[in-house]
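**Q** sequence plus the predicted model coming up.
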Amino acid sequence: LNAHRDGDDVVLRLHRLDQAFGPRGDLVPSHLTEWRIGTAGEQLTFAERRPSDREMDLPAHDRRHSGRPTRHGWFATTVPPDSEYGFELAGLCHVDLATGAEDVWDPGPHVRGGEGVFVPAGRDEGEGWLLTYLWDRTTDLSSLAVFDAGSVQDGPVGQVQLPVRVPFGFHGLWIGEDEL
């Protein structure tokens, strides 16, 4: 998700898997995890905590705050490998990292989301939009969905229907015109 310094500590917020590409395959649960590495003493110290028990992956943040403390994170939720269709990306989750509050959009069993991409639309961190591709298994077509980043649970505020399916795992990045 992001990393920053907090005094003498380096704080990394990432997704931790119990294993990767091992005997259980590469579709194992992923959880938001905070690693805190203390650099003040003669020896480095390490602490780990899990801010959320929700299974999710593919984190996004307001890139204007990369390398600095962030309050907001957006994630693709997942369903476990033993579900009806196996492991899949599902909906979206916004986590307020200051309070721990989670704001979740669950599309139901026939629609699957992907990685969220944050698009800033205001001055403050987290003011903006979240874009993702949605796939409807009943039509085998995709759409580009736009969410209010502060109200993910309300569902898309708009969708653009696409003529073909966009595969899971298709990554994206928003670059504003002023960054070109």
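**A** That came through, no problem.

**Q** what separates the residue nearest to Asp53 when sequence neighbours are not counted from Trp105, distance-wise?
**A** Leaving aside its sequence neighbours, Asp53 sits nearest to His31 (Cβ to Cβ, 6 or more residues apart in numbering; 6.8 Å). C-beta: built from backbone N, CA, C; applies to glycine. According to Cβ to Cβ, to the nearest Å, His31 stands 19 Å off from Trp105.

**Q** and for Val111?
**A** The spacing between Val111 and Trp105, counted by Cβ to Cβ, is 10 Å.

**Q** more neighbours: which of those two?
**A** More neighbours sit around Trp105 than around the other of Val111 and Trp105, counting by other Cβ atoms under 10 Å; the figures are 22 against 18.

**Q** residues contacting that one?
**A** Residues near Trp105 by Cβ atoms under 8 Å, 6 or more residues apart in numbering: 91-93, 113, 147, 152-155.

**Q** which of those count as buried?
**A** For the contacts of Trp105, a neighbour count by 16 or more other Cβ atoms under 10 Å gives the buried set as 91-93, 113, 147, 152.

**Q** before we move on, back to that, the residue nearest to Asp53 reaches Pro59, doesn't it?
**A** No. Using Cβ atoms under 8 Å, His31 and Pro59 do not qualify as a contacting pair, with a distance of 11.2 Å.
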